[in-house]
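Student: Give the three-dimensional model of this entry:
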Amino acid sequence: MADTPASPSASNQPPGLDRKAVMSVLASASAEDLETVYASLGTPPAFEMVRQPETGLVMVRGRMGGTGSPFNLGEVTVTRCVVRLESGEAGSSYCLGRHKQKALQAAVIDALWQRPDDRERIETEIVAPLAEIRTKADEDLKAETAATKVDFFTMVRGDN
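Tutor: Numbers count the residues shown, from 1 in each chain. Below is the predicted model of the structure:
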């Protein structure tokens, strides 16, 4: 009995970044940063729109302390897009906000990442710089938060 991979893409995917990680970096990037790195690709490949960039609402759920019962927190605006390259790869994207151009560019990058010939280039020229920007922003926020931290302590009186 032959072993079969869990998904069709699992067998031809080299170790390293997985699609979920790539899509996460693309979704969390700012529209300006994504546009900058997208421009570095040069002429975009030919593609067809499977689903035009469209904006809608998604219900966000939360949990108190991360472990409590889930509750509806509210709705957020999300833009999604799906494209198909001439070579057959379908790329999709979801991003917070009303950035239709960002959703389109992220979908094209996702489709390009799925092509074995373009994967390394996308990871080094697009994903790595965007991930670095995200890491730097996270570090800056942590440093800013740490600077405002107040340590409370109790002094014990010496009642003899």
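
Student: all contacts plus neighbour counts: C-alpha atoms, from now on.
Tutor: Fine.

Student: got the residue ranges for the strands in this structure?
Tutor: Defined through DSSP state E, the strands belonging to the chain, from first to last, are 47-63, 70-85, 90-96.

Student: Quick check: which of those strands is buried the most?
Tutor: With neighbours defined by mean count of other C-alpha atoms under 10 Å, none of the strands of the chain is more surrounded on average than strand 90-96, at a mean of 23.

Student: Let me know the angle separating it from strand 47-63.
Tutor: Our comparison of strand 90-96 with strand 47-63, counting by axes from the mean of the first three to the mean of the last three C-alpha atoms, to 10 degrees, yields an angle of 40 degrees.

Student: quick one: strand 90-96 to chain centroid distance?
Tutor: Between the centre of strand 90-96 and the centre of its chain there are 9 Å (C-alpha atoms, centre = their mean, to the nearest Å).

Student: which residue sits closest to Met64 in space, ignoring its chain neighbours?
Tutor: Using C-alpha to C-alpha, 6 or more residues apart in numbering and skipping the chain neighbours, the partner closest in space to Met64 is Pro70 (7.7 Å).

Student: Mind pulling the model confidence for that neighbour?
Tutor: Looking at Pro70, its pLDDT is 92.

Student: Contacts for stretch 134-154, please.
Tutor: Among residues not part of stretch 134-154, those counted as contacts by C-alpha atoms under 8 Å, 6 or more residues apart in numbering are Val25, Ser28, Ala29.

Student: Using CSV, write out the CA atom coordinates for the longest helix belonging to the chain.
Tutor: Longest helix of the chain, by residue count under DSSP state H: helix 128-147. As requested, C-alpha coordinates have been extracted for helix 128-147 and formatted as CSV (Å, rounded to 0.1, in the frame of the first residue of the first chain):
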residue,chain,number,x,y,z
ALA,A,128,11.2,38.1,3.8
PRO,A,129,11.2,42.0,3.7
LEU,A,130,7.5,42.2,4.7
ALA,A,131,8.1,39.8,7.6
GLU,A,132,11.1,41.9,8.7
ILE,A,133,9.0,45.0,8.6
ARG,A,134,6.3,43.2,10.7
THR,A,135,8.9,42.0,13.2
LYS,A,136,10.4,45.5,13.6
ALA,A,137,6.9,47.0,14.2
ASP,A,138,6.2,44.3,16.8
GLU,A,139,9.5,45.0,18.5
ASP,A,140,8.9,48.8,18.5
LEU,A,141,5.4,48.3,20.0
LYS,A,142,6.9,46.0,22.8
ALA,A,143,9.6,48.6,23.5
GLU,A,144,7.1,51.4,23.6
THR,A,145,4.8,49.4,25.9
ALA,A,146,7.7,48.3,28.2
ALA,A,147,8.7,52.0,28.6
